[in-house]
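Asks: Based on what follows, work out the 3D shape:
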Amino acid sequence: MSWLIRISDIQRDIYYSDPACFGSQKVVDTVVDDIAHTIGVNRAALNVEAAAKGLAAGCYRLITKSHEVIDARWTTMDTLIPRLEDIDMTETSNVEWILILEKEAVFHRLARNGYHTRAAAGKGILITGKGYPDIDTRAFVRCLYDSKYRPQAMPRFYALVDGDPDGIAIMSTYKYGSMTYVRENGKLNIPNLQWLGLHISDIAAGIDPQGDDALIRLTARDRKKALAILRNNPACVADGPEQEWRAELQKMLMLNLKAEIEVLYDQDGGLEAWIDQNMTVTP
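Replies: Predicted coordinates:
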């Protein structure tokens, strides 16, 4: 395990140092997690980290432990999410909502238009993990959840993901955690995360599946993924806490259909109007 003594290693580099030994990236993740748990430290103490990939834009301010101030309140530019270990303080004054987006393209569309400063629901923060989130993205969202530097009530947390099995799985990762980092889930989860969309019912009304590309047929992989979630994800099993998610997966399987967030671009008023309507009516 000589790679543990380097100053700082990227997990992907560890895998490529000996692919035959590790077999897959998931094995590296599990080994690092197991070693950290065995010797009683967090993953950061091993100086092994995943390459940063998450992005954030919105009405927040943070100070790093090197005293750098990142003030995102007056810009439409996005920021690469830093490691939690590098953050000294986060300030989310006047933030009413935090919207987690599955897709980077959707994130950039909203951030570029300054949606976080002019949403009907008030000022907010946009976040994307570019698909399944890395641990730094999850830790940053949890940092916002735990932030003490706000005078008002906790902001509402929403997830906007594709209406497909992977979208449900991504949302579950933010709210409940992942099997890869099971020992750290309690420090990373967002228990009050609300599902904003995309639901099949959001676009299915009045659409002919045979003649409209708004709804896409499930692939064999999609069906396998949906069945695996229904069987194995504690949130979506028959007696799990997320019966709405379970019903949506069953609906996908029954209709053999899924939908992508981008279909909202063509809705009346576009994506922003749809989010405005749904964020203001969601309790």
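Asks: quick one: the residue nearest to E262 when sequence neighbours are not counted and R73, what's the gap?
Replies: What sits nearest to E262 in space, not counting adjacent residues and going by C-beta to C-beta, 6 or more residues apart in numbering, is V106, at 7.2 Å. (Each C-beta comes from the backbone N, C-alpha and C, glycine too.) Remark: distance between V106 and R73 (C-beta to C-beta, to the nearest Å) = 22 Å.
Asks: More neighbours: those two, which one.
Replies: V106 (22 against 16; other C-beta atoms under 10 Å).
Asks: And that one, what's its pLDDT?
Replies: On the pLDDT scale, V106 is placed at 96.
Asks: Tell me how far it lies from G186.
Replies: From V106 to G186 the distance is 29 Å (C-beta to C-beta).
Asks: Can I get the helix or strand harbouring the residue nearest to E262 in PDB, CA atoms only?
Replies: If you go by DSSP states H and E, V106 is part of helix 104-112. What follows is helix 104-112, C-alpha atoms only, in PDB (Å, rounded to 0.1, in the frame of the first residue of the first chain):
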ATOM      1  CA  GLU A 104     -24.300  20.000 -16.100                       C
ATOM      2  CA  ALA A 105     -25.900  21.400 -19.200                       C
ATOM      3  CA  VAL A 106     -29.100  22.300 -17.300                       C
ATOM      4  CA  PHE A 107     -27.000  23.800 -14.500                       C
ATOM      5  CA  HIS A 108     -25.100  26.000 -16.900                       C
ATOM      6  CA  ARG A 109     -28.400  27.100 -18.600                       C
ATOM      7  CA  LEU A 110     -29.900  28.300 -15.300                       C
ATOM      8  CA  ALA A 111     -26.600  29.700 -13.900                       C
ATOM      9  CA  ARG A 112     -25.900  31.700 -17.100                       C
END
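Asks: one step back: for the residue nearest to E262, give its distance to R221.
Replies: Taking C-beta to C-beta as the measure, V106 falls 22 Å from R221.
Asks: picking up where we left off before, may I see the buried residues of the helix holding V106?
Replies: E104, V106, F107, H108, R109, L110, A111 (16 or more other C-beta atoms under 10 Å).
Asks: now stretch 109-124
Replies: Neighbour-count burial for stretch 109-124 [16+ other C-beta under 10 Å]: R109, L110, A111, Y115, H116, T117, A119, A121, G122, K123, G124.
Asks: got it, and stretch 221-228?
Replies: Those buried within stretch 221-228 under the rule 16+ other C-beta under 10 Å are D222, K225, A226.
Asks: So the first one: helix, strand or coil?
Replies: Secondary structure for D222, judged by DSSP: H, G, I helix; E, B strand; the rest coil, is helix.
Asks: Would you agree C143 is in contact with E85?
Replies: No: in this structure C143 lies outside contact range of E85 using C-beta atoms under 8 Å: 10.9 Å.
Asks: more neighbours, those two?
Replies: When neighbours are counted by other C-beta under 10 Å, C143 and E85 differ, and C143 comes out ahead with 19 against 14.
Asks: Specify the local secondary structure of the residue nearest to that one when sequence neighbours are not counted.
Replies: Using C-beta to C-beta, 6+ apart and skipping the chain neighbours, the partner closest in space to C143 is T90 (5.5 Å). Secondary structure, three-state DSSP: T90 is strand.
Asks: rewinding a little: which one of the buried residues of stretch 221-228 is nearest L196?
Replies: Closest approach to L196 among the buried residues of stretch 221-228 (C-beta to C-beta): A226, at 20.1 Å.
Asks: and the spatially closest residue to the closest one that is not a sequence neighbour, what is it in contact with?
Replies: Once flanking residues are discounted, A226 sits nearest to P165: 4.2 Å by C-beta to C-beta, 6+ apart. Neighbour list for P165: D222, K225, A226, I229, L249, M252, K258 [criterion: C-beta atoms under 8 Å, 6 or more residues apart in numbering].
Asks: The third one: what's it in contact with?
Replies: Which is A226. P165, I168, L218, L249, M252, L253.
Asks: Enumerate the positions of the helix or strand containing R142 that are buried.
Replies: Using DSSP H and E, R142 maps to helix 135-146. The neighbour-count check on helix 135-146 (16+ other C-beta under 10 Å) flags I135, D136, T137, R138, A139, F140, V141, R142, C143, L144, Y145 as buried.
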